[in-house]
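Participant: I'd like to go over a predicted model; first the sequence, then the structure.
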Amino acid sequence: MKIILITGPPYCGKGTQAKIIEGQFGFRHISTGDAVRAEKQSGSDLGLTMASFSERGELVPDEIMKDLFAKVLDKNRTEEGILLDGYPRTRLQVDHLLELTEARNLSIRSVINIEVPKEELLVRAKQRAEGSDRPDDKDRNTHLRRIEIFEQQTKPCIDYLQNQALVLSLSGIGNVEQVSKRIAACLP
């Protein structure tokens, strides 16, 4: 199984691009948020543990996320490839993912890193808020905080992954089709 990671700051379009890659290349798109929600809805012990953190407004700890992604890798073992969207987000999560893949004789084939300047991210966040019913999408401070967390926690992971996998950094400026063409042109 081939593993590709898709990363970039909030509002860069990684979810949209992940769905396009899934359709074009046959990779199974795994959204971290969807995986967490599905596990909680399943009522499993892992899901109940995750729900207890969410109900208190806390992030699910890295060790529990490791358990979730062990299940994700095992469940998708027969897929030709998977595209992880939103994981890993911290250095410890990178180490956990590397441990999980090594234990299963898998490797990360590449990392698609979509780069968009902060000013453009804020424009996109505002546009998303206009079509959203989520209260957190309407708050500019929330947008700024999400971008700040990416800069502090996730961006260093991309640099760290340079030694582990092929990191393909590309511009996320332009329309969906233009960005999709850039991604398709550089996927190995």
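Facilitator: Thanks, I have it. Numbers count the residues shown, from 1 in each chain.
Participant: OK, contacts around the residue nearest to Ile112 when sequence neighbours are not counted?
Facilitator: Take Ile112 and drop its neighbours on the chain: the residue closest to it by C-beta to C-beta, 6 or more residues apart in numbering is Ile6, 4.7 Å away. Heads up, the C-betas are built off the backbone N, CA and C, glycines and all. Ile6 is in contact with Lys14, Gln17, Ala18, Ile21, Leu83, Leu84, Asp85, Val111, Ile112, Ile114, counting by C-beta atoms under 8 Å, 6 or more residues apart in numbering.
Participant: Shouldn't Asn113 be within a helix?
Facilitator: No: with DSSP: H, G, I helix; E, B strand; the rest coil as the criterion, Asn113 is located in strand rather than a helix.
Participant: Identify the residues contacting the nearest residue to it once chain neighbours are set aside.
Facilitator: Of all residues not flanking Asn113 in the chain, Ser169 sits nearest, at 4.3 Å (C-beta to C-beta, 6+ apart). Residues in contact with Ser169 (C-beta under 8 Å, 6+ apart) are Asn113, Glu115, Ile158.
Participant: Scan those and report the most crowded one.
Facilitator: Neighbour counts for these, by other C-beta atoms under 10 Å, peak at Asn113, which reaches 23 neighbours.
Participant: Wait, it touches Val167, no?
Facilitator: Yes: applying C-beta atoms under 8 Å, one finds Asn113 in contact with Val167, separated by 5.8 Å.
Participant: Mind listing the shared neighbours of those two?
Facilitator: Joint contacts of Asn113 and Val167 (C-beta under 8 Å, 6+ apart) are Ile158.
Participant: Could I get the full set of helices for the chain?
Facilitator: 14-25, 32-42, 45-55, 62-75, 91-103, 118-130, 140-149, 155-161, 176-186 (DSSP state H).
Participant: doesn't Ile20 make contact with Val176?
Facilitator: Yes: at 7.4 Å, Val176 counts as touching Ile20 under the criterion of C-beta under 8 Å.
Participant: and the two? which has more neighbours close in?
Facilitator: Ile20 (17 against 12).
Participant: OK, contacts around the closest residue to that one other than its chain neighbours?
Facilitator: Closest residue to Ile20 apart from its sequence neighbours, by C-beta to C-beta, 6+ apart: Ser180 at 5.0 Å. Each residue near Ser180 by C-beta under 8 Å, 6+ apart is listed here: Gln17, Ile20, Gln24.
Participant: Ok, Asp139 next?
Facilitator: Taking C-beta under 8 Å, 6+ apart as the definition, Asp139 has no contacts.
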